[in-house]
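Enquirer: pasting the sequence and the predicted model now:
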Amino acid sequence: MFRVVLDTNVFISAVLKPRSNPGLIFKFIRDGRIELIISPGILSEIERVMLYPKLIKIHRLPPKAITEFIDNLEAFSLVVKPTMTLEIIQDDLSDNIFLECAVAGSADFIISGDHHLKDLEIYDGIEIVGPSTFLKIL
């Protein structure tokens, strides 16, 4: 079973478009076909982004539902607490939390639509791919 870290944009896409590639990946995670690795920093980032006013207008979830979504993520994920701080991605330092989580959780893949991450292609033996590429590999 692959161990994966999902970038925030993949989570948001899965919520907004459940039938999209990110939605399919999320379904495979919920079904136990893929192991999701997540960190407290990523959970905070997802919650912060889901509370953006422009996204609330789209998903229409009340704050309580967002909190429940975050709690559910924790319930079926391997939550790791990275012990190192990386500064590999200089153009967007906040993206380094995904690398830190992937290393701490011995991930096989980081799945992202963010070019800052995808441009790396591989970090510390961890492949960084978009959702459609990951589904082809799977």
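Expert: It's in.

Enquirer: helix, strand, or coil at residue 67?
Expert: Look at residue 67: counting by DSSP: H, G, I helix; E, B strand; the rest coil, its state is helix.

Enquirer: what is the end-to-end distance of stretch 16-36?
Expert: With CA to CA, to the nearest Å as the measure, the first residue of stretch 16-36 is 19 Å from its last.

Enquirer: begin at 29 from now on, thanks
Expert: From this message on, residue numbering opens at 29, which makes the last subject stretch 44-64.

Enquirer: now it: mean pLDDT?
Expert: Across stretch 44-64, pLDDT averages out at 94.

Enquirer: can you list contacts of it?
Expert: Contacts made with stretch 44-64 from outside it, assessed by CB atoms under 8 Å, 6 or more residues apart in numbering, are listed as 29-34, 38-39, 41-42, 83, 86-87, 101, 104-106, 139, 159-160, 162-163, 166. Every C-beta, even on glycine, is put in place using the N, C-alpha and C of the backbone.

Enquirer: 7 Å instead?
Expert: Counting by CB atoms under 7 Å, 6 or more residues apart in numbering, stretch 44-64 makes contact with 29-32, 34, 38, 41-42, 86-87, 104-106, 139, 159-160, 162-163, all of which sit outside it.

Enquirer: out of these, which sit inside helices?
Expert: Secondary structure assignment (DSSP state H) places 38, 41, 42, 86, 87, 159, 160, 162, 163 from the contacts of stretch 44-64 within helices.

Enquirer: columns distance to residue 57 on top of these, output as TSV?
Expert: Converted to TSV, those look like this (distance: CB to CB, whole Å):
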residue	distance to residue 57
38	10
41	14
42	9
86	22
87	19
159	12
160	16
162	11
163	13
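
Enquirer: can you tell me which of those are buried?
Expert: Among the ones in helices among the contacts of stretch 44-64, those scoring as buried are 38, 41, 42, 159, 162 (criterion: 16 or more other CB atoms under 10 Å).
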